[in-house]
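>>> sequence and predicted structure, then a few things I'm wondering about:
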Amino acid sequence: MIHLKNSTQIALMKDAGRITGEALLVARDMIRPGISTYEIDQAIRSYIEKCGAKPAFLGYQGFPGSACISINDEVIHGIPSRNRILMDGDIVKIDTGATYRGYVGDSARTIPVGQVSDEAKKLIQVTRDSFWAGIDAVRVGNRLGDVGSAIDTVVRKNGFSTVRQYVGHGIGEAMHEAPDVPNYGTPGRGTRLCAGMTLAIEPMVNIGTHEVKVLPDGWTVKTLDGSLSAHYENTIALTSDGVLVLTEVEKGF
Ligand code: MG
Ligand code: MG
């Protein structure tokens, strides 16, 4: 069942979204070669707690961190570790969430470490562009297939592939609510969009095959062919006045 939110609930989700977005800025500003993913995770946790919120990922289905931090061919769900050190040329995906006054924000960015290849830069840009193409299709009366198709069209046009095995989701009092929000689809198909929907839209884009595998740690998802992957996610609210991107706190990031 899809839980539609009223304006009071959406106002609360704005706060959760802002804290989540700010935590990602904290992470971005500390990313450099030589830092461990554990240090980034701890900074995110501290920031969220300082805001009076709770790290939504910490303990979620047993996840040990406050952020999923995934490097290069890792797609999502990387576990922060003192032994994972960022190196010049890496791309790192930071995915985090905050629960504030009963509502959850969820957002992810892909960030270059030092100097990265032109192909990596393009992948990051295309992934971001695909999200915003999806947002253009988030309108009352459209369907989720319109959104997924808009995302996937940008990805394919650039020669990349969209991960299909993992998708976006409804969000609110729980991090994962109905409906599933695939990053691919058929225009005119799928759930109809209406005012009060709050969704986490999150394209995951690979340079090579769309196929992925889970590592023996039970969490980390990698591309099957070892190609680079990027992720871009925001929590959004659809209102009768249009779309609010709740986790975007700095334009262009
Ligand atoms: Mg996320
Ligand atoms: Mg999500």
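The structure has been received and is ready for your questions. Fair warning: this is a prediction, and the values are worked out from it, not measured in the lab. Ligands and ions are numbered 1, 2, ... in the order given.

>>> residue of the stretch 151-253 of the chain nearest ligand 2, please.
Nearest residue of the stretch 151-253 of the chain to ligand 2: Ala200, at 3.9 Å (CB to the ion). Glycine gets a C-beta too; all of them are placed from N, C-alpha and C.

>>> break down the protein into its helices, ranges please.
Remark: helices assigned in the chain by DSSP state H are 7-30, 37-50, 118-136, 144-157.

>>> possible to save these as a markdown table with mean pLDDT?
Putting the helices of the chain into a markdown table (pLDDT from 0 to 100) gives the following:
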| stretch | mean pLDDT |
| --- | --- |
| helix 7-30 | 98 |
| helix 37-50 | 98 |
| helix 118-136 | 98 |
| helix 144-157 | 99 |
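
>>> residues of the stretch 1-150 of the chain that sit close to ligand 2?
Residues of the stretch 1-150 of the chain lying close to ligand 2 (CB under 5 Å from the ion) are Asp106.

>>> who's in contact with the closest residue to Leu144 other than its chain neighbours?
Leaving aside its sequence neighbours, Leu144 sits nearest to Gly190 (CB to CB, 6 or more residues apart in numbering; 3.6 Å). Going by CB atoms under 8 Å, 6 or more residues apart in numbering, Gly190 touches 143-146, 148, 182.

>>> top of the residues you listed by neighbour count?
Neighbour count (other CB atoms under 10 Å) singles out Gly148 as the most crowded of those, with 28 neighbours.

>>> who are the neighbours in contact with it?
Applying CB under 8 Å, 6+ apart, the residues near Gly148 are 134, 181-185, 190.

>>> ok so, going back, and of the contacts of Gly190, the nearest to ligand 2?
Nearest to ligand 2 out of these is Pro182 (CB to the ion; 12.8 Å).

>>> get me the contact residues on this structure for ligand 1.
Going by CB under 5 Å from the ion, the residues of the chain near ligand 1 are 95, 106, 108, 233.

>>> for the third one, give the beta-bridge partners.
Translated: Ala108. Beta-bridge pairing of Ala108 under DSSP bridges involves Asp95, Glu233.

>>> so it touches Ile94, yeah?
Yes - under the criterion of CB atoms under 8 Å, Ala108 makes contact with Ile94 at 6.4 Å.
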